[in-house]
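S.K.: Please work out how this folds:
(2 chains)
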Amino acid sequence: MERIEHTTISTNGINMHVTSIGTGPVILFLHGFPDLWYSWRHQLLSFAALGYRAIAPDLRGYGDSDAPPSPESYTILHIVGDLVGLLDSLGVDRVFLVGHDWGAIVAWWLCMIRPDRVKALVNTSVVFNPRNPSVKPVDKFRALFGDDYYVCRFQEAGEIEEDFAQVDTKKLITRFFVSRNPRPPCIPKSVGFRGLPDPPSLPAWLTEQDVSFYGDKFSQKGFTGGLNYYRAMNLSWELTAPWAGLQIKVPVKFIVGDLDITYNIPGTKEYLHGGGLKKHVPFLQEVVVMEGVGHFLQQEKPDEVTDHIYGFFEKFKTRETSSL
Amino acid sequence: MEGIDHKMVSVNGITMHIAEKGPIDGPVVLLLHGFPDLWYTWRHQITGLSSLGYRAVAPDLRGYGDSDSPKSFSEYTCLNVVGDLVALLDSVAGDQEKVFLVGHDWGAIIGWFLCLFRPEKIKGFVCLSVPYKPRNPNVKPIQGFKAVFGENYYICRFQEAGKIEEEIARADPRRFLRNIFTGRTLGPSILPKNDPFGENPKPNYENIELPKWFSKEDLDFYASKFDKTGFTGALNYYRAMDLNWELTAPWTGAKIQVPVKFMTGDFDMVYTTPGIKEYVHGGGFAAAVPNLQEIVVIEDAGHFVNQEKPQEVTAHINDFFTKLQNNNKSF
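M.R.: Just a heads-up that it's a prediction; the model follows:
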């Protein structure tokens, strides 16, 4: 881990903390909520050993990167803008891309609006959901799952932060990470995250050291930056009208754990296996469902996930891409 | 103006008025007006192009004429407006995968963004007056204009909500419109605070003849539409420029890949703004638009070249689109 380099890059008006290691074709790893570059600690080391240059930033709002205060600074256009700026500053024309959770959503959109900057994508956990012209996303979730659905509970500025503050940060992180309940998470206000049962003992893949790392970073930073992604969902929807109906034209491999809440959202399995995703992502080449694996697949089964990513990107490696 | 169909179309959360003429299966030409203009600017091109077999579609953009005018300036980013146009194309040209595009003034800017966001939808773009410059990540637009042209540069003067509307009202909107359409003042357009529209001394407009290409009926049409809507919707495009810059970070330095023909009148205040001629002819423009195929400077024409030299402009548009059509039989 000591070989991982830490730098700060100025991009799109923010300072972004970026970790990197290795030489070779560049892979950009995008974490989700509530996560950090650290989610990819295993992949960073593995891919450096496999002849790639692995890059994992703290996205805007997280960790050691800047966190502008207003939700309006967290539209998908802002985040993709940060990453295009990052690629420009690294001198990378076209990148291999890996996304997880919110990082997967960002990855879908980077491929949608700047397909010329992406060679291939391995995306995990969150499928691409085409924009519905008549319903905003948060409104859709509210209608489907009710006001207690976590996306709805995250909307009001400051409200869920107050709930979070009543829980030890390490305990909160652990709850998010080790949950194996595949049902849509609904947390009534009367219960809150503070009222959830203590998490069971840590699984093998998440050490005390890992939890302390996350706990420290989120205690320092707070959760508002990460929550602002949810708070900007409806605004992002408004602003992405130009791409209504457009397919994502990048080669894609998709991986998800069968215990992941995203995989268990009603309709998702049929959408994924029945041709729905393929209709919107015509170059979707492989779909992998990992048995007995939860949401944080890259941490839970790091070697398997690394193998899946490696196998896919190796297909696209050419002599030209073997340099930075 | 007979034979022009007027429709109201539901697009992207607004109702949009469009003027349409031409055979239903003719290749669609989407015509985008600028500031402070309307579908009406294209009246000659609509007639000309439709008689040549194209289906001309000219909307009132959001904020203008008979289309909706959302309240907040933040709803006038290019993302909102291009969203309208993509939905419009789906609605009225759903069977045509690609269309021809013509844009003037703000319509040219919107056209550039349509080419950036949905290049696969555009066969070719005839751009009037406003060349494309890739986004500069280090300078916000309004700050940039102020630094180069001063705080009385018209774009800077348009920023404060309600202010210029007040000045236009005092000067009389009809006079304001007439000045804009028929004026030949070279760029950069500066609006001094004490005398924004050159009213000192106040010319007696009743004695000054309108040019041949802009009749009293034309001025009446514009005046009546803007009397109804006011100018705020139109001004909101300028007020959203900084926000637009923020939101288009993903396209920093991006090039336009669509085939382009650029046209301008030699007296256009944009073309005659210091720096623009060098940019257009000196290689900067071509570097940003690698498929820039033709640059045409029309002599003795101002900003509204499509109204001032309508037959020439229509012929140029048709020449370009015919050339593209012949080069690419897959259309």
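S.K.: what does chain B have sitting close to chain A?
M.R.: B:12, B:77, B:79-80, B:82-84, B:86-87, B:90, B:114, B:117-118, B:137, B:246-254 (C-beta under 8 Å from any C-beta of the partner chain). To be clear about C-beta, it is placed using only N, CA and C from the backbone, and glycine gets the same treatment.
S.K.: what's the average pLDDT for the host helix or strand of B:Lys277?
M.R.: When elements are defined using DSSP states H and E, B:Lys277 is found to belong to helix B:276-281. Across helix B:276-281, pLDDT averages out at 98.
S.K.: Equivalent analysis for stretch B:244-263, please.
M.R.: Here the average pLDDT along stretch B:244-263 is 98.
S.K.: now for that stretch, what's the gap between its first and last residues?
M.R.: The first and last residues of stretch B:244-263 sit 25 Å apart, counting by C-alpha to C-alpha, to the nearest Å.
S.K.: and that stretch, how far out from the chain's middle?
M.R.: 16 Å (C-alpha atoms, centre = their mean, to the nearest Å).
S.K.: contacting residues around the helix or strand that the helix holding B:Lys277 is followed by?
M.R.: From helix B:276-281 onward toward the C-terminus, using DSSP H and E, the following helix or strand is helix B:284-288. Helix B:284-288 has contacts (C-beta atoms under 8 Å, 6 or more residues apart in numbering or on different chains) with B:131-134, B:255-256, B:262, B:278-279, B:292, B:295.
S.K.: Can you list the buried residues in helix B:284-288?
M.R.: B:285-286, B:288 (16 or more other C-beta atoms under 10 Å in any protein chain shown).
S.K.: Separate out the buried members of the residues of chain B next to chain A.
M.R.: With neighbours counted by 16+ other C-beta under 10 Å, the residues of chain B next to chain A contain buried members at B:12, B:77, B:79-80, B:82-84, B:86-87, B:114, B:117-118, B:137, B:246-252, B:254.
S.K.: Export the contacts of helix B:284-288 as CSV, with columns for neighbour count and secondary structure.
M.R.: Formatted as CSV, the contacts of helix B:284-288 follow (neighbours: other C-beta atoms under 10 Å in any protein chain shown; DSSP: H, G, I helix; E, B strand; the rest coil):
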residue, neighbour count, secondary structure
B:Pro131, 22, coil
B:Tyr132, 23, coil
B:Lys133, 13, coil
B:Pro134, 18, coil
B:Lys255, 14, coil
B:Ile256, 24, coil
B:Phe262, 23, strand
B:Glu278, 11, helix
B:Tyr279, 16, helix
B:Leu292, 21, strand
B:Ile295, 15, strand
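S.K.: List the contacts of the residue of the stretch 151-300 of chain B found nearest chain A.
M.R.: Per C-beta to the nearest C-beta, B:Ala249 is where the stretch 151-300 of chain B lies closest to chain A, at 2.5 Å. Applying C-beta under 8 Å, 6+ apart to B:Ala249 gives the contacts A:12, A:77-78, A:80-82, A:84-85, B:135, B:137.
S.K.: can you check B:Asn318 too?
M.R.: Going by C-beta under 8 Å, 6+ apart, B:Asn318 touches B:48-49, B:52, B:54.
S.K.: How about the helix or strand encompassing it, which residues are buried there?
M.R.: If you go by DSSP H and E, B:Asn318 is part of helix B:310-327. Within helix B:310-327, the residues scored as buried using 16+ other C-beta under 10 Å are B:310, B:312-314, B:316-318, B:320-321, B:324.
S.K.: before we move on, what about stretch B:82-101?
M.R.: B:82-89, B:92-93, B:96, B:98-101.
S.K.: Quick one: mean pLDDT over that stretch.
M.R.: 96.
S.K.: what's the neighbour count on A:Arg183?
M.R.: Applying other C-beta atoms under 10 Å in any protein chain shown, we find 9 other residues in the vicinity of A:Arg183.
S.K.: what does the one 4 residues further on give?
M.R.: Residue neighbour count, defined by other C-beta under 10 Å, stands at 18 for A:Ile187.
S.K.: contacting residues for it?
M.R.: Counted by C-beta under 8 Å, 6+ apart, A:Ile187 has contacts A:148, A:150, A:153, A:193, A:196.
S.K.: 10 Å - rerun?
M.R.: Residues in contact with A:Ile187, defined by C-beta atoms under 10 Å, 6 or more residues apart in numbering or on different chains, are A:148-150, A:152-153, A:160, A:163, A:193-196.
S.K.: Intersect these with the contacts of chain B.
M.R.: Among these, no residue sits close to chain B (C-beta under 10 Å from any C-beta of the partner chain).
S.K.: from those, which ones fall inside strands?
M.R.: Counting by DSSP state E, the contacts of A:Ile187 place none of their members in strands.
S.K.: what does chain A have sitting close to chain B?
M.R.: Neighbours of chain B within chain A, by C-beta under 10 Å from any C-beta: A:10-13, A:72-73, A:75-85, A:88, A:109-110, A:112-114, A:116-117, A:131, A:133-134, A:235, A:238-247, A:249.
S.K.: So which of those sit within helices?
M.R.: Counting by DSSP state H, the residues of chain A next to chain B place A:76-85, A:88, A:109-110, A:112-113, A:235, A:238-239 in helices.
S.K.: Low-confidence stretches in chain A?
M.R.: A:319-324 (pLDDT under 70).
S.K.: Strands of that one, start to end?
M.R.: Going by DSSP E, chain A shows strands at A:5-11, A:14-21, A:26-30, A:53-57, A:95-100, A:118-124, A:252-257, A:284-290.
S.K.: ok, A:His308 - contacts?
M.R.: A:122, A:124, A:253, A:255, A:286, A:288, A:290, A:297-298, A:301 are the contacts of A:His308 under C-beta under 10 Å, 6+ apart.
S.K.: For chain A, what is the nearest residue in the stretch 51-200 of chain B?
M.R.: Closest point on the stretch 51-200 of chain B to chain A, by C-beta to the nearest C-beta, is B:Gly83, at 2.5 Å.
S.K.: Okay, and that residue sits in which element?
M.R.: Going by DSSP H and E, B:Gly83 is in helix B:78-92.
S.K.: relative to helix B:78-92, how tilted is whatever helix or strand comes next after that helix?
M.R.: Next along the chain after helix B:78-92, taking DSSP H and E as the criterion, comes strand B:99-104. If you take axes from the mean of the first three to the mean of the last three C-alpha atoms, to 10 degrees, strand B:99-104 sits at 140 degrees to helix B:78-92.
S.K.: Using PDB, write out the CA atom coordinates for strand B:99-104.
M.R.: What follows is strand B:99-104, C-alpha atoms only, in PDB (Å, rounded to 0.1, in the frame of the first residue of the first chain):
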ATOM      1  CA  VAL B  99     -31.100  16.200 -40.100                       C
ATOM      2  CA  PHE B 100     -29.600  19.300 -41.600                       C
ATOM      3  CA  LEU B 101     -29.000  22.200 -39.300                       C
ATOM      4  CA  VAL B 102     -28.900  26.000 -39.700                       C
ATOM      5  CA  GLY B 103     -28.200  28.400 -36.900                       C
ATOM      6  CA  HIS B 104     -27.900  32.200 -36.600                       C
END
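S.K.: quick revisit: can I get the buried residues of helix B:284-288 in CSV including pLDDT?
M.R.: Converted to CSV, the buried residues of helix B:284-288 look like this (pLDDT from 0 to 100):
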residue, pLDDT
B:Phe285, 98
B:Ala286, 98
B:Ala288, 98
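S.K.: so B:Phe226 makes contact with B:Arg174?
M.R.: Yes - counting by C-beta atoms under 10 Å, B:Phe226 touches B:Arg174, with 8.7 Å between them.
S.K.: which one of these two has more residues nearby?
M.R.: Higher neighbour count among B:Phe226 and B:Arg174: B:Phe226, with 22 against 16, using other C-beta under 10 Å.
S.K.: Can you verify my assumption that B:Glu97 contacts B:Glu120?
M.R.: Yes - in this structure B:Glu97 lies within contact range of B:Glu120 using C-beta under 10 Å: 7.9 Å.
S.K.: tell me which residues in stretch A:194-202 are buried?
M.R.: A:Pro199.
S.K.: How far does that stretch stretch from one end to the other?
M.R.: 19 Å.
S.K.: any idea how far that stretch is from the chain center?
M.R.: Chain-centre distance of stretch A:194-202: 24 Å, with C-alpha atoms, centre = their mean.
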